[in-house]
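Participant: What would the 3D arrangement of this be:
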Amino acid sequence: MTLLQASTVLALPSLDENFALSVAEALAAGTPVVVSPGVALHREIAAAGAGLVAPRTAEGVARALDRLLARPELAARCGTNGRALA
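Facilitator: Here you go, the predicted structure:
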């Protein structure tokens with residue numbers, strides 16, 4: 001958990017992920033996440049504002065990561081929302 005708390009963001013651009021334990025752990029740690037629509041929790045993450053849902057392409061994931069890294073206030077808000085969601 002300490003490693004996740006020290007992380008800036010966790011990205012999981014998966015084709016099909018029934019339950020992404022690593023994403024749930026990141027949310028509980030307050031780490032914002034970037035996931036693809038193939039991650040089963042993507043709707044909940046988007047609705048809670050706990051991270052970003054990006055297309056599962058290099059460009060889509062890169063844009064989402066860039067957005068969180070360029071906007072620390074957005075990343076912090078996603079982290080707080082993620083902890084509440086978890």
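Participant: mind checking how far Leu3 is from Ala26?
Facilitator: Separation of Leu3 from Ala26 (CB to CB, to the nearest Å) stands at 10 Å. The way it works is simple: take the backbone N, C-alpha and C, and place the C-beta from them, glycine included.
Participant: Look at these two and report which has more neighbours.
Facilitator: Neighbours of Leu3 and Ala26, each counted by other CB atoms under 10 Å, are more numerous for Ala26; the result is 28 against 9.
Participant: Now do the helix or strand the more buried one falls within: distance to the chain's middle.
Facilitator: Using DSSP states H and E, Ala26 sits within helix 21-29. Centroid displacement of helix 21-29 relative to its chain, using CA atoms, centre = their mean, to the nearest Å, is 9 Å.
Participant: Can you list the strands that the next helix or strand after that helix pairs with?
Facilitator: Later in the chain than helix 21-29, the nearest helix or strand by DSSP H and E is strand 33-35. Strand 33-35 pairs in its sheet with strand 10-12 (parallel), strand 51-53 (parallel), by DSSP bridges.
Participant: Just give the nearest non-adjacent residue to the most centrally placed residue in the chain, would you?
Facilitator: By CA atoms, centre = their mean, the chain has its centre lying nearest to Val33, at 1.2 Å. Using CB to CB, 6 or more residues apart in numbering and skipping residues adjacent in sequence, the residue nearest Val33 is Gly51, 3.6 Å away.
Participant: how close does that neighbour get to Asn81?
Facilitator: For Gly51, the distance to Asn81 - CB to CB - is 8 Å.
Participant: Neighbour count: the two, which is higher?
Facilitator: Set Gly51 next to Asn81 and count neighbours by other CB under 10 Å: Gly51 wins out with 32 against 19.
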